[in-house]
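1. below are the sequence and a predicted model; questions follow.
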Amino acid sequence: MKIGPKYKIARRLGPAVFEKTQTQKFQLSEARHARKKSDKRPKALSDFGLQLVEKQRVRFSYGITERQLSNYVIKATEMKGVNTGEKLYGMLESRLDNVVYRLGIAHTRRLARQMVSHGHFVVNGKRTTVPSYAVKIGDVVTVREGSKKSVLFTELAKKLQNYATPKWLRFDIEKLEAKIDGAPVLETGGAFNLNTVLEYYSR
């Protein structure tokens with residue numbers, strides 16, 4: 001997925017959409033930008049505008065295309081007996097590239113996607129190069145044996161000593177092996193309002 005200038009996009013959608021913009025450098029840039037725009041009153045967004053912004057925030061955060069997000073929404077909506085927002089969240093979080101990111105192996109989803117595409121991971125013993133691969137409860141994700149000596153994985157234990165892995169993932173850092181122990185849980189007050197995203201696609 002091709003992404004434009006991150007600072008410009010983050011000014012419109014919020015700094016949380018990219019890891020790069022969650023820094024002091026971006027905050028200083030925002031402060032300078034705000035001073036230049038201080039004489040202009042921002043326009044209030046319509047309901048559609050708010051829905052569009054939230055949809056774009058989700059897209060850019062997970063690094064997925066419009067078609068991919070639309071397909072996730074369709075699948076989540078078609079499932080009966082489940083909360084649609086929770087199901088959509090589960091699909092996004094269960095992508096293999098996102099799992100690699102959540103484990104702390106990659107510091108950005110973009111890097112995680114590249115690592116998966118380059119064949120550094122196996123799922124249930126099978127090499128997988130598809131970032132959108134959907135992991136399931138019970139699946140085992142392991143760094144490929146031939147990749148373990150790569151600079152990408154050296155001193156990983158030291159880098160992650162203060163990192164908290166999500167409860168639905170169990171990571172054996174010595175074996176460079178993770179197991180999917182549960183389903184991602186959509187928490188109230190999370191980073192995204194997925195109901196707003198669903199409203200956008202229901203128009």
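-> Looks like it came in fine.

2. with adjacent residues omitted, what lies nearest to the residue nearest the centre of the chain?
-> Centroid-nearest residue in the chain, with C-alpha atoms, centre = their mean: Tyr62, separated by 3.7 Å. For Tyr62, ignoring the flanking residues on the chain, the nearest one in space by C-beta to C-beta, 6 or more residues apart in numbering is Leu92 at 5.4 Å. C-beta: built from backbone N, CA, C; applies to glycine.

3. quick check: buried residues in the one helix or strand that neighbour maps to?
-> If you go by DSSP states H and E, Leu92 is part of helix 84-93. By 16 or more other C-beta atoms under 10 Å, the buried positions in helix 84-93 come out as Thr84, Gly85, Lys87, Leu88, Tyr89, Gly90, Met91, Leu92, Glu93.

4. the fourth one and Arg110: what is the separation?
-> The reference is to Leu88. 21 Å (C-beta to C-beta, to the nearest Å).

5. show me the contact partners of the helix holding Leu92.
-> 58, 62, 64, 72-73, 75-77, 79, 98-99, 102, 134, 183-186, 190, 192, 194-195, 197-198 (C-beta atoms under 8 Å, 6 or more residues apart in numbering).

6. give me the mean pLDDT for it.
-> Averaged across helix 84-93, pLDDT comes to 96.

7. likewise for stretch 164-172?
-> 96.

8. from the chain's centre, how far out does it sit?
-> 16 Å (C-alpha atoms, centre = their mean, to the nearest Å).

9. what sits against Val116?
-> By C-beta under 8 Å, 6+ apart, the neighbours of Val116 are Leu96, Asp97, Val100, Thr128, Thr129, Val130, Pro131, Tyr133.

10. go again with 7 Å.
-> Applying C-beta atoms under 7 Å, 6 or more residues apart in numbering to Val116 gives the contacts Leu96, Asp97, Val100, Thr128, Thr129, Pro131.

11. my guess is it is in a helix, correct?
-> Yes - counting by DSSP: H, G, I helix; E, B strand; the rest coil, Val116 is part of a helix.

12. against Val58, how distant is it?
-> 20 Å.

13. spell out which residues make up each domain of the chain.
-> 6-35+44-90, 95-180 (automatic domain parsing).

14. of those, which approaches Ser202 most closely?
-> Evaluated over those, closeness to Ser202 peaks at domain 6-35+44-90, with 8.1 Å, by C-beta to C-beta.

15. show me the contact partners of stretch 135-148.
-> Here stretch 135-148 has contacts from 94, 96, 99, 119-124, 127, 153, 176-180, 182-183, using C-beta under 7 Å, 6+ apart.

16. now, which of these lie within helices?
-> Leu96, Val99 (DSSP state H).

17. give me the subset of the contacts of stretch 135-148 lying in strands.
-> Phe121, Val122, Val123, Arg127, Glu177, Ala178, Lys179, Ile180 (DSSP state E).

18. can these go into a markdown table with extra columns for pLDDT and neighbour count?
-> Below are the ones in strands among the contacts of stretch 135-148 laid out as a markdown table (pLDDT from 0 to 100; neighbours: other C-beta atoms under 10 Å):
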| residue | pLDDT | neighbour count |
| --- | --- | --- |
| Phe121 | 98 | 26 |
| Val122 | 98 | 17 |
| Val123 | 98 | 20 |
| Arg127 | 98 | 12 |
| Glu177 | 98 | 14 |
| Ala178 | 98 | 24 |
| Lys179 | 98 | 16 |
| Ile180 | 98 | 19 |
